[in-house]
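**Student:** can you look at this prediction? I've put the sequence above it.
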Amino acid sequence: MKHVLTIGEILVEIMALDPGNGFLEPISLIGPFASGAPAIFIDQVARLGQPCGIIGCVGNDDFGELCLQRLQADGVDIGAVARDPERPTGSAFVRYRPDGQRDFVFNIRHSACGSMAASEASQAAIRGCDHLHVMGTSLFSESLVEMTTGAIQTVRARGGTISFDPNIRGELLELPGLREALKSVAMLADLFMPSGQELFLFSQARTESHAVAEVLDWGARAVVVKRGTEGASYFDREQTMSVPAIPVREVDPTGAGDCFGATFVTCWLRGMPPERALSLANAAGAMAVLKKGPMEGVSTMGELQAFLEAGEGRK
């Protein structure tokens, strides 16, 4: 089985119990939960039984230990995760507004996440992987951009494949050099996985079909567009297909897109037909929102198959 690797932030998430606008008053919180988009992604990959690992950095503190224990328990290789003795593990405080939008207070760039650097362990992990998954949230510093682009070159030189999920908040695009870094990675991806309007981040196209065609012209093998409650679509040079979302009662949307992406990538690497991969990925996203906490809704392949079969039985 192909070994999947990702690079990026590992952090804890602490969530407000009640909806509201921001953090301008004392409120009740729940957490910490292990989190970070690359960490959620790779944890879901591991739960599906795929060999995998992550390159990252956590602090020498309880938050870091909590994250590492969770990843390792689910089957993720954490041998390339460093421990920073001076900086704390990254964190995200989250509050849901009454309209469903979210307010965040992040400490990523100036936490242990920000001290990620190439090491013998990280280089060994890169040389040993067959597929590298890149997330836009992890390209927040020049050193990480350099590490990631170097990893892409190494993996591709060995005949491996690359997937890319922009997964970027709009306001972060104004960071110096970030848009250029994102586009350079997108143009090297075998599998491009934007959410909704992210498809147009690096394109002058005004229609979805033209934007997809442009990405495929860059050399991508396929494009998967995540549409949230509207399902997802798959495009390659021979076929286009869409699969509707699975309606569920949402408890917490955090991590749903990461679980979707992890499941699709895993199925794609296993050679599954695109329609089946989309269906399983949709199921992973649906199951992810049923529990509070970014990693609490990750699923095994057996659980995803049972979830889909139960839905068919209700029709």
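**Tutor:** Yep, it's here. Numbers count the residues shown, from 1 in each chain.

**Student:** next, count neighbours for residue 123.
**Tutor:** Counted with other Cβ atoms under 10 Å, the neighbours of residue 123 add up to 16. Every residue, glycine included, has its C-beta placed from N, CA and C.

**Student:** over to residue 80?
**Tutor:** Residue 80 has 22 nearby residues by other Cβ under 10 Å.

**Student:** how far away is it from residue 88?
**Tutor:** In this view, residue 80 and residue 88 are 20 Å apart by Cβ to Cβ, to the nearest Å.

**Student:** what about residue 156, neighbour count?
**Tutor:** If we define neighbours as other Cβ under 10 Å, then residue 156 has 14 of them.

**Student:** then the one 4 residues further on?
**Tutor:** Other residues within reach of residue 160, judged by other Cβ under 10 Å, total 20.

**Student:** go on, residue 219?
**Tutor:** Count around residue 219 with other Cβ under 10 Å applied: 10.

**Student:** looking at it now. What's its pLDDT?
**Tutor:** Predicted confidence (pLDDT) for residue 219: 91.

**Student:** ok, and the closest non-adjacent residue to the spatially most central residue of the chain?
**Tutor:** The C-alpha lying nearest the average C-alpha coordinate of the chain belongs to residue 258 (Cα atoms, centre = their mean; 3.8 Å). In space, and not counting its chain neighbours, residue 258 is closest to residue 40: 4.0 Å by Cβ to Cβ, 6 or more residues apart in numbering.

**Student:** the stretch 151-300 of the chain: helices as residue ranges?
**Tutor:** 178-186, 208-218, 256-269, 274-288 (DSSP state H, counting those that start in this stretch).

**Student:** pick the most buried one from those.
**Tutor:** Ranked by mean neighbour count, those are led by helix 256-269 with a mean of 27 (mean count of other Cβ atoms under 10 Å).

**Student:** can you count the residues close to residue 74?
**Tutor:** A count of neighbours around residue 74, defined by other Cβ under 10 Å, yields 18.

**Student:** and the residue nearest to it when sequence neighbours are not counted, how many neighbours does it have?
**Tutor:** Excluding the flanking residues, the one nearest residue 74 by Cβ to Cβ, 6+ apart is residue 46, at 4.7 Å. Neighbourhood size, residue 46 [other Cβ under 10 Å]: 25.

**Student:** my guess is residue 46 contacts residue 54, does it?
**Tutor:** No: using Cβ atoms under 8 Å, residue 46 is not in contact with residue 54; the gap is 9.5 Å.

**Student:** show me the common contact partners of those two, please.
**Tutor:** 71, 76 (Cβ atoms under 8 Å, 6 or more residues apart in numbering).

**Student:** ok, now how distant is residue 222 from residue 70?
**Tutor:** 31 Å.

**Student:** okay, these two: which has more neighbours?
**Tutor:** residue 222 (23 against 19).

**Student:** measure the nearest residue to that one once chain neighbours are set aside to residue 250 for me?
**Tutor:** Spatial nearest neighbour of residue 222, chain neighbours left out: residue 236 (4.4 Å); criterion: Cβ to Cβ, 6+ apart. Remark: distance between residue 236 and residue 250 (Cβ to Cβ) = 31 Å.

**Student:** these two: which is more packed in?
**Tutor:** residue 236 (16 against 13).

**Student:** give the contact list for the more buried one.
**Tutor:** Per Cβ under 8 Å, 6+ apart, neighbours of residue 236: 216, 221, 222, 223, 274.

**Student:** out of those, flag the one nearest to residue 290.
**Tutor:** Residue 290 lies nearest to residue 274 out of those, by Cβ to Cβ, at 25.1 Å.

**Student:** next, count neighbours for the residue lying closest to that closest one once chain neighbours are set aside.
**Tutor:** The spatial neighbour of residue 274 that comes closest, neighbours along the chain excluded (Cβ to Cβ, 6+ apart), is residue 234 at 4.4 Å. Number of residues near residue 234 (other Cβ under 10 Å) recorded here: 21.

**Student:** show me where the stretch 101-250 of the chain has its strands.
**Tutor:** Taking DSSP state E, counting those that start in this stretch, the strands of the stretch 101-250 of the chain run over residues 102-107, 131-135, 161-165, 191-192, 222-226, 232-235, 240-243.
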